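1. Need a 3D model of the sequence below.
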Amino acid sequence: MDIRVDDLTGEPIISLLAEHMRAMEATSPPESRHALDLSGLRQPEITFWSVWDGGTLAGCGALKQIDPHHGEIKSMRTAGTHQRRGVASRMLDHIVDEARRRGYERLSLETGSMAYFEPARRLYASFGFVPCAPFDRYVDDPNSVFMTRLLGTG
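-> Below you'll find the predicted structure:
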């Protein structure tokens, strides 16, 4: 699998992100949806990557700079054809490595509290993320789980 910076213009990634937004609409109330659309992801503080298995899009993820010491994981999604094949773990490894390379001290994320998001919460916990208070512009929300991880050099 190949991870590359994505300019968010190709049809496969546009379709995967549309699927991601539909899933968020189906599982989260409007006030609790924090997934970014294409224009939201095309911001200078966000780097977006896609994961490719040969010529097939397998997944995606993004890293947002909150400040020079703190990053946020955004838009983690695995294509239905590639679920349970290690795509999310591979992307998460990549994002953690990039956050370290940038010198971030902390990496945080927001995900849903509903059962639909349980696999994501388990994945993040397996990578050392722990529950935390809302960060950046987030506020307490019973539909959200906030997680963070301090980044060491190893």
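
2. Figure out how far the biggest helix by length in the chain is from the centre of its chain.
-> Longest helix of the chain, by residue count under DSSP state H: helix 11-27. Helix 11-27 sits 13 Å away from the centroid of its parent chain (Cα atoms, centre = their mean, to the nearest Å).

3. how about the helix or strand following it: buried residues?
-> Once the chain leaves helix 11-27, the next helix or strand it forms, by DSSP states H and E, is helix 38-41. For helix 38-41, the neighbour count (16 or more other Cβ atoms under 10 Å) marks Leu41 as buried. No exception for glycine: its C-beta is placed from N, CA and C like everyone else's.

4. so where's this protein uncertain?
-> 153-154 (pLDDT under 70).

5. all strands of it, in order?
-> 2-5, 46-53, 56-67, 70-78, 106-112, 130-131, 144-150 (DSSP state E).

6. one step back: please identify the buried residues of the longest helix of the chain?
-> Going by neighbour count (16+ other Cβ under 10 Å), the buried part of helix 11-27 is Pro12, Ile13, Leu16, Leu17, His20, Met21, Met24.

7. Tabulate those residues in JSON lines, adding columns for distance to Arg84.
-> Shown next, in JSON lines, are the buried residues of helix 11-27 (distance: Cβ to Cβ, whole Å):
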{"residue": "Pro12", "distance to Arg84": "20"}
{"residue": "Ile13", "distance to Arg84": "21"}
{"residue": "Leu16", "distance to Arg84": "17"}
{"residue": "Leu17", "distance to Arg84": "21"}
{"residue": "His20", "distance to Arg84": "17"}
{"residue": "Met21", "distance to Arg84": "22"}
{"residue": "Met24", "distance to Arg84": "21"}
